[in-house]
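**Student:** what shape does this take:
(one chain, ligands or ions: 1)
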Amino acid sequence: MSFTSTVPTNQEGIQASKKVAVTYTSPDVKVREPGRWSLQGKKALVTGGTLGIGRSVVEELVALGATVYTCSWEEEELDQRLKEWEARGVPVTGSVCDVSVQDQRERLILDVSSHFGGKLDILVNNAGIAIRKSAMEHSLEEYSLLMATNLESAYHLCLLAHPLLKASGSGSIVFISSIAGVVALFSGPIYGMTKASLNQLAKNLACEWAKDKIRINSVGPGYISTSLTEQIFSDKELKDNIVRRTPIGRVGEPDDISSMVAFLCMPGSSYITGQTILVDGGMTINGFYPRYEGNGNDK
Ligand code: NDP
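**Tutor:** Numbers count the residues shown, from 1 in each chain. This is a model prediction of the structure:
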């Protein structure tokens, strides 16, 4: 079947499209273009890489050719994970750092700089905590802790890592934000505020640092199975409600997030900056479809 356009193209007010020369790379060259879909040789720092989403990001980046440095605040947990990776020949180094503490962040970037020879291609600000309380239940101490861990740490690490990312000539920063930074969730107003701020920070830094060839994006996960959501998912009714609101028909896994993070670090995404990309099985675009009709078996 063929269609004929009925839109008049030379009428007043309608601009007829002019044919211009566009360069297209042929498909066979595209797949072979060095590095377009790879992280070969890239140097990455992922905060909070011992568990959950961070761990999946570490392993995804490594699988695509990167060398990774990570940190977490619990020495025992970190040592155990580093030993596991070493035994499997996975190139990951790490050190203890509580990202909510200023001098520990400074120490971390000094260590990363000396480990990677003054250059860094990728910074993934993943470490974060949640305190699920309503506004009136939060203490000021909890407010400060959430702000320091989720927001101040990411902001400060970006500033500290800026010279290293600039030196690499094609830096990529990814914030692990949350859908709680875009819509109101019962994960608490302060948690949501920290995540919304990360989304805004990505926009401002994207504009300020494009000249330094650094891209900054935010990835907002929906409900993902990790230790952070263990308590929520142990409530069957609550979990069923979450799934019912999710068009894809299941909760997410850390690997659903790490693939997006990896893409945002690749040369193939070199025209994407300042964006917030929600990876949530469609939960936040579901205005009101009370029951999903998917079967959750999308993979
Ligand atoms: P996990 O609790 O499973 O993992 C958190 C990681 O961050 C751990 O490695 C932990 O280290 C580390 N960490 C926590 N606080 C600090 C700190 N102060 N300094 C250094 N490291 C720290 O959580 P998730 O994987 O679920 O969460 C990762 C990110 O994803 C967070 O920013 C979270 O807000 C975000 N997110 C998660 C969602 C979910 O549904 N799971 C949804 C939306 C966003 P250690 O092992 O030493 O404790």
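
**Student:** residues from the stretch 1-150 of the chain in reach of the ligand?
**Tutor:** Within reach of the ligand by Cβ under 6 Å from any ligand atom, the stretch 1-150 of the chain has these residues: 47-48, 50-54, 71-74, 77, 97-100, 126-130, 149. C-betas here are computed from N, CA, C, even on glycine.

**Student:** one more pass at 5 Å, please.
**Tutor:** 48, 50-54, 72-74, 77, 98-100, 127-128, 149 (Cβ under 5 Å from any ligand atom).

**Student:** quick check: which element contains Ser114?
**Tutor:** helix 102-115 (DSSP states H and E).

**Student:** so for whichever helix or strand comes after that helix, mean pLDDT?
**Tutor:** Heading C-terminal from helix 102-115, the first helix or strand you meet, by DSSP H and E, is strand 122-125. The pLDDT scores in strand 122-125 average 99.

**Student:** so how far is the next helix or strand after strand 122-125 off the chain centroid?
**Tutor:** Where DSSP H and E defines the elements, the next helix or strand beyond strand 122-125 is helix 140-146. Remark: helix 140-146 is offset 23 Å from the chain centroid, using Cα atoms, centre = their mean, to the nearest Å.

**Student:** and for stretch 77-84?
**Tutor:** Counting by Cα atoms, centre = their mean, stretch 77-84 comes out at 23 Å from the chain centroid.

**Student:** returning to that earlier point: now the buried members of the residues of the stretch 1-150 of the chain next to the ligand.
**Tutor:** Among these, those buried by neighbour count (16 or more other Cβ atoms under 10 Å) are 48, 50-54, 72-73, 98-100, 127-128, 149.

**Student:** make JSON lines out of the residues you listed and add secondary structure.
**Tutor:** Shown next, in JSON lines, are these (DSSP: H, G, I helix; E, B strand; the rest coil):
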{"residue": "Gly48", "secondary structure": "coil"}
{"residue": "Thr50", "secondary structure": "coil"}
{"residue": "Leu51", "secondary structure": "coil"}
{"residue": "Gly52", "secondary structure": "helix"}
{"residue": "Ile53", "secondary structure": "helix"}
{"residue": "Gly54", "secondary structure": "helix"}
{"residue": "Ser72", "secondary structure": "strand"}
{"residue": "Trp73", "secondary structure": "coil"}
{"residue": "Asp98", "secondary structure": "coil"}
{"residue": "Val99", "secondary structure": "coil"}
{"residue": "Ser100", "secondary structure": "coil"}
{"residue": "Ala127", "secondary structure": "coil"}
{"residue": "Gly128", "secondary structure": "coil"}
{"residue": "Thr149", "secondary structure": "helix"}
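
**Student:** let me know the closest of those to Lys239.
**Tutor:** Ranked by distance to Lys239 (Cβ to Cβ), these are led by Gly52 at 17.0 Å.

**Student:** may I ask you to confirm that that closest one is in contact with Gly252?
**Tutor:** No. Between Gly52 and Gly252 there is no contact under Cβ atoms under 8 Å: 11.2 Å.

**Student:** pull up the overlap in contacts between those two.
**Tutor:** The contact sets of Gly52 and Gly252 overlap at Ile224 (Cβ atoms under 8 Å, 6 or more residues apart in numbering).

**Student:** and the lengthiest strand in the chain, which strands flank it?
**Tutor:** Looking across the chain with DSSP state E, the single longest strand is strand 214-221. The sheet places strand 214-221 alongside strand 171-176 (parallel), strand 276-279 (parallel), with pairing taken from DSSP bridges.

**Student:** check the gap between Trp73 and Leu123 for me.
**Tutor:** 18 Å (Cβ to Cβ, to the nearest Å).

**Student:** now do Leu185
**Tutor:** Taking Cβ to Cβ, one finds Leu185 at 26 Å from Leu123.
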